[in-house]
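> no sequence on hand, only this structure:
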(Lines give C-alpha, C1' and ligand atoms only; values in the text may rest on other atoms or scores of the structure.)
Protein backbone atom coordinates (compact mmCIF):
# COMPACT_ATOMS: atom_id res chain seq x y z
CA UNK A 1 0.00 0.00 0.00
CA UNK A 2 1.43 3.37 -1.03
CA UNK A 3 2.32 5.86 1.68
CA UNK A 4 -0.03 8.83 1.96
CA UNK A 5 1.72 11.87 0.42
CA UNK A 6 2.45 14.73 2.77
CA UNK A 7 3.92 18.22 3.02
CA UNK A 8 6.32 19.15 5.82
CA UNK A 9 6.31 22.69 7.19
CA UNK A 10 8.89 23.83 9.73
CA UNK A 11 7.89 26.97 11.64
CA UNK A 12 10.83 28.91 13.08
CA UNK A 13 10.55 31.92 15.34
CA UNK A 14 13.19 34.61 15.08
CA UNK A 15 15.94 34.71 17.69
CA UNK A 16 16.61 37.25 20.44
CA UNK A 17 15.99 40.85 19.32
CA UNK A 18 17.72 44.10 20.20
CA UNK A 19 15.74 46.17 22.71
CA UNK A 20 14.75 43.36 25.04
CA UNK A 21 11.27 41.96 25.79
CA UNK A 22 8.39 44.27 24.83
CA UNK A 23 5.28 44.41 22.66
CA UNK A 24 7.21 44.26 19.41
CA UNK A 25 4.80 43.65 16.58
CA UNK A 26 5.32 45.87 13.55
CA UNK A 27 8.50 47.42 15.00
CA UNK A 28 11.44 46.43 12.82
CA UNK A 29 14.18 45.74 15.36
CA UNK A 30 17.19 43.60 14.36
CA UNK A 31 18.53 40.44 15.97
CA UNK A 32 21.20 40.50 18.64
CA UNK A 33 24.36 38.47 18.14
CA UNK A 34 22.79 35.87 20.41
CA UNK A 35 19.72 35.87 18.19
CA UNK A 36 21.80 35.21 15.10
CA UNK A 37 23.58 32.33 16.82
CA UNK A 38 20.30 30.85 18.03
CA UNK A 39 18.89 30.76 14.51
CA UNK A 40 22.08 29.39 13.01
CA UNK A 41 22.01 26.53 15.50
CA UNK A 42 18.33 25.85 14.85
CA UNK A 43 18.85 25.51 11.09
CA UNK A 44 22.30 23.91 11.06
CA UNK A 45 22.82 21.37 8.24
CA UNK A 46 19.17 21.47 7.17
CA UNK A 47 17.75 21.95 3.69
CA UNK A 48 14.32 22.94 2.44
CA UNK A 49 12.62 23.19 -0.92
CA UNK A 50 11.51 26.74 -0.12
CA UNK A 51 12.08 29.32 2.61
CA UNK A 52 9.31 31.82 3.32
CA UNK A 53 9.86 34.79 5.61
CA UNK A 54 8.08 37.65 7.30
CA UNK A 55 9.33 40.97 5.85
CA UNK A 56 10.61 42.20 9.22
CA UNK A 57 14.39 42.22 9.52
CA UNK A 58 14.51 39.98 12.59
CA UNK A 59 13.23 37.23 10.28
CA UNK A 60 14.26 38.29 6.80
CA UNK A 61 17.81 39.28 7.73
CA UNK A 62 18.58 35.70 8.70
CA UNK A 63 16.51 34.19 5.87
CA UNK A 64 18.69 36.01 3.33
CA UNK A 65 21.79 34.19 4.61
CA UNK A 66 20.45 30.77 3.63
CA UNK A 67 21.43 28.80 0.53
CA UNK A 68 18.19 29.55 -1.34
CA UNK A 69 16.53 32.91 -1.93
CA UNK A 70 13.74 33.48 0.61
CA UNK A 71 10.24 34.40 -0.44
CA UNK A 72 8.74 37.38 1.41
CA UNK A 73 5.13 37.01 2.57
CA UNK A 74 3.93 40.17 4.32
CA UNK A 75 0.85 38.43 5.72
CA UNK A 76 3.12 36.44 8.05
CA UNK A 77 4.18 39.60 9.88
CA UNK A 78 3.50 39.82 13.61
CA UNK A 79 0.31 41.43 14.94
CA UNK A 80 0.48 45.23 15.15
CA UNK A 81 0.25 46.48 18.73
CA UNK A 82 -0.50 50.08 17.74
CA UNK A 83 0.25 52.59 20.51
CA UNK A 84 1.75 49.81 22.63
CA UNK A 85 4.57 49.07 20.19
CA UNK A 86 7.92 48.97 22.01
CA UNK A 87 6.39 49.09 25.48
CA UNK A 88 6.85 46.45 28.15
CA UNK A 89 4.11 44.80 30.17
CA UNK A 90 5.42 46.60 33.24
CA UNK A 91 5.11 49.98 31.52
CA UNK A 92 1.57 49.26 30.38
CA UNK A 93 0.57 48.09 33.84
CA UNK A 94 1.62 51.51 35.12
CA UNK A 95 0.45 53.68 32.21
CA UNK A 96 -2.76 51.95 31.07
CA UNK A 97 -3.74 49.47 33.80
CA UNK A 98 -7.43 49.19 32.89
CA UNK A 99 -6.92 48.81 29.13
CA UNK A 100 -4.04 46.41 29.62
CA UNK A 101 -5.98 44.20 32.03
CA UNK A 102 -8.90 44.07 29.60
CA UNK A 103 -6.55 43.12 26.78
CA UNK A 104 -5.01 40.27 28.79
CA UNK A 105 -8.43 38.89 29.73
CA UNK A 106 -10.09 39.30 26.32
CA UNK A 107 -7.65 40.35 23.56
CA UNK A 108 -10.17 39.99 20.74
CA UNK A 109 -12.57 42.58 22.12
CA UNK A 110 -9.96 44.84 23.71
CA UNK A 111 -7.16 45.45 21.16
CA UNK A 112 -4.40 47.97 21.90
CA UNK A 113 -5.23 51.56 20.88
CA UNK A 114 -4.72 51.84 17.11
CA UNK A 115 -3.66 48.19 17.11
CA UNK A 116 -4.75 45.23 15.01
CA UNK A 117 -7.69 43.12 16.16
CA UNK A 118 -6.84 39.52 16.93
CA UNK A 119 -9.50 38.25 14.49
CA UNK A 120 -8.05 40.36 11.65
CA UNK A 121 -4.55 39.10 12.42
CA UNK A 122 -5.74 35.51 12.48
CA UNK A 123 -7.63 35.91 9.21
CA UNK A 124 -4.60 37.15 7.26
CA UNK A 125 -2.26 34.53 8.73
CA UNK A 126 -4.64 31.60 8.16
CA UNK A 127 -5.38 32.71 4.59
CA UNK A 128 -1.64 32.83 3.91
CA UNK A 129 -1.16 29.43 5.52
CA UNK A 130 -3.86 27.87 3.33
CA UNK A 131 -2.24 29.36 0.23
CA UNK A 132 1.21 28.06 1.19
CA UNK A 133 0.20 24.47 1.89
CA UNK A 134 -1.75 24.37 -1.37
CA UNK A 135 1.16 25.80 -3.38
CA UNK A 136 3.89 23.59 -1.89
CA UNK A 137 2.25 20.18 -1.75
CA UNK A 138 4.65 17.33 -0.99
CA UNK A 139 7.52 19.76 -0.38
CA UNK A 140 9.54 20.57 2.73
CA UNK A 141 9.41 24.25 3.54
CA UNK A 142 10.64 26.59 6.26
CA UNK A 143 8.56 29.54 7.46
CA UNK A 144 10.51 32.11 9.49
CA UNK A 145 8.14 34.32 11.43
CA UNK A 146 7.01 35.41 14.88
CA UNK A 147 5.58 34.05 18.09
CA UNK A 148 2.08 35.33 17.37
CA UNK A 149 2.15 34.03 13.81
CA UNK A 150 3.26 30.58 14.94
CA UNK A 151 0.63 30.45 17.69
CA UNK A 152 -2.04 31.36 15.16
CA UNK A 153 -1.03 28.66 12.69
CA UNK A 154 -0.72 25.96 15.34
CA UNK A 155 -4.01 26.97 16.96
CA UNK A 156 -5.68 26.78 13.56
CA UNK A 157 -4.25 23.32 12.92
CA UNK A 158 -5.28 22.02 16.36
CA UNK A 159 -8.60 23.94 16.60
CA UNK A 160 -7.48 25.77 19.74
CA UNK A 161 -9.80 28.69 20.67
CA UNK A 162 -8.35 32.13 19.93
CA UNK A 163 -8.15 33.25 23.56
CA UNK A 164 -6.28 30.06 24.49
CA UNK A 165 -3.54 30.32 21.87
CA UNK A 166 -1.43 32.47 24.21
CA UNK A 167 -1.00 29.38 26.38
CA UNK A 168 1.39 28.08 23.71
CA UNK A 169 4.95 28.99 24.61
CA UNK A 170 7.13 29.91 21.63
CA UNK A 171 10.72 30.60 22.74
CA UNK A 172 13.16 32.55 20.60
CA UNK A 173 14.54 30.49 17.69
CA UNK A 174 12.32 27.53 18.56
CA UNK A 175 10.92 25.32 15.84
CA UNK A 176 7.62 23.52 15.38
CA UNK A 177 6.87 21.02 12.65
CA UNK A 178 3.53 20.41 10.97
CA UNK A 179 2.92 17.58 8.54
CA UNK A 180 -0.01 17.89 6.14
CA UNK A 181 -1.26 14.63 4.66
CA UNK A 182 -3.02 14.78 1.30
CA UNK A 183 -5.87 12.50 0.31
CA UNK A 184 -7.44 13.70 -2.91
CA UNK A 185 -8.67 17.25 -2.33
CA UNK A 186 -8.65 16.80 1.45
CA UNK A 187 -5.82 17.68 3.83
CA UNK A 188 -5.13 16.34 7.32
CA UNK A 189 -2.58 18.34 9.32
CA UNK A 190 -0.64 16.89 12.24
CA UNK A 191 1.65 18.63 14.75
CA UNK A 192 4.85 16.57 14.85
CA UNK A 193 6.62 18.62 17.51
CA UNK A 194 6.34 22.10 19.00
CA UNK A 195 8.69 24.69 20.42
CA UNK A 196 11.87 22.66 20.25
CA UNK A 197 15.13 24.53 20.49
CA UNK A 198 18.31 23.69 18.62
CA UNK A 199 19.82 21.16 20.99
CA UNK A 200 16.55 19.26 21.26
CA UNK A 201 15.49 19.08 17.62
CA UNK A 202 15.60 15.68 15.97
CA UNK A 203 15.47 15.80 12.20
CA UNK A 204 14.39 13.03 9.89
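Everything's here; your move. For clarity, every value in this text was computed on a predicted model and none was experimentally measured. Numbering: from 1, shown residues only.
> please enumerate the strands of the protein.
6-13, 50-53, 71-72, 140-145, 175-183, 186-196 (DSSP state E).
> return the member of the ones you listed having the minimum mean pLDDT.
Ranked by mean pLDDT, the strands of the chain bottom out at strand 186-196, with a mean of 91.
> contacts for that strand next, please.
For strand 186-196, the external contacting residues (Cβ atoms under 8 Å, 6 or more residues apart in numbering) are 133, 154, 157-158, 168-171, 174-181, 201. Heads up, the C-betas are built off the backbone N, CA and C, glycines and all.
> ok so, going back, mean neighbour count and distance to residue 106 for the strands of the chain - can I get that in JSON lines?
JSON lines is the format used below for those (neighbours: other Cβ atoms under 10 Å; distance: least, Cβ to Cβ, whole Å):
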{"stretch": "strand 6-13", "mean neighbour count": "23", "distance to residue 106": "25"}
{"stretch": "strand 50-53", "mean neighbour count": "22", "distance to residue 106": "31"}
{"stretch": "strand 71-72", "mean neighbour count": "15", "distance to residue 106": "33"}
{"stretch": "strand 140-145", "mean neighbour count": "24", "distance to residue 106": "25"}
{"stretch": "strand 175-183", "mean neighbour count": "18", "distance to residue 106": "26"}
{"stretch": "strand 186-196", "mean neighbour count": "14", "distance to residue 106": "25"}
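> which of those sits closest to residue 85?
Residue 85 lies closest, by Cβ to Cβ, to one member of the strands of the chain: strand 140-145, at 17.6 Å.
> who are the packing partners of that closest one?
Helices and strands touching strand 140-145, by 3 or more Cβ pairs under 8 Å, 6 or more residues apart in numbering; DSSP states H and E, are strand 6-13, strand 50-53, helix 57-63.
> would JSON lines of the strands of the chain with distance to residue 108 be doable?
Output for these, formatted as JSON lines (distance: least, Cβ to Cβ, whole Å):
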{"stretch": "strand 6-13", "distance to residue 108": "22"}
{"stretch": "strand 50-53", "distance to residue 108": "27"}
{"stretch": "strand 71-72", "distance to residue 108": "28"}
{"stretch": "strand 140-145", "distance to residue 108": "21"}
{"stretch": "strand 175-183", "distance to residue 108": "23"}
{"stretch": "strand 186-196", "distance to residue 108": "23"}
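> give me the neighbour count for residue 123.
Using other Cβ atoms under 10 Å, residue 123 has 13 neighbouring residues.
> if I look at it, how far off is residue 156?
Applying Cβ to Cβ, to the nearest Å, the value for residue 123 to residue 156 is 11 Å.
> check contacts around the residue lying closest to residue 152 once chain neighbours are set aside.
Nearest residue to residue 152 in three dimensions, chain neighbours excluded: residue 125, at 4.5 Å (Cβ to Cβ, 6 or more residues apart in numbering). Taking Cβ under 8 Å, 6+ apart, we find residue 125 in contact with 75, 76, 149, 152, 153, 156.
> out of those, who's nearest residue 24?
residue 149 (12.8 Å).
> and the pLDDT for the closest one?
98.
> distance between the longest helix belonging to the chain and the chain's centre?
The helix that spans the most residues within the chain, counting by DSSP state H, is helix 118-135. Put simply, helix 118-135 sits 12 Å off its chain's centre (Cα atoms, centre = their mean, to the nearest Å).
> that'll do, ta.
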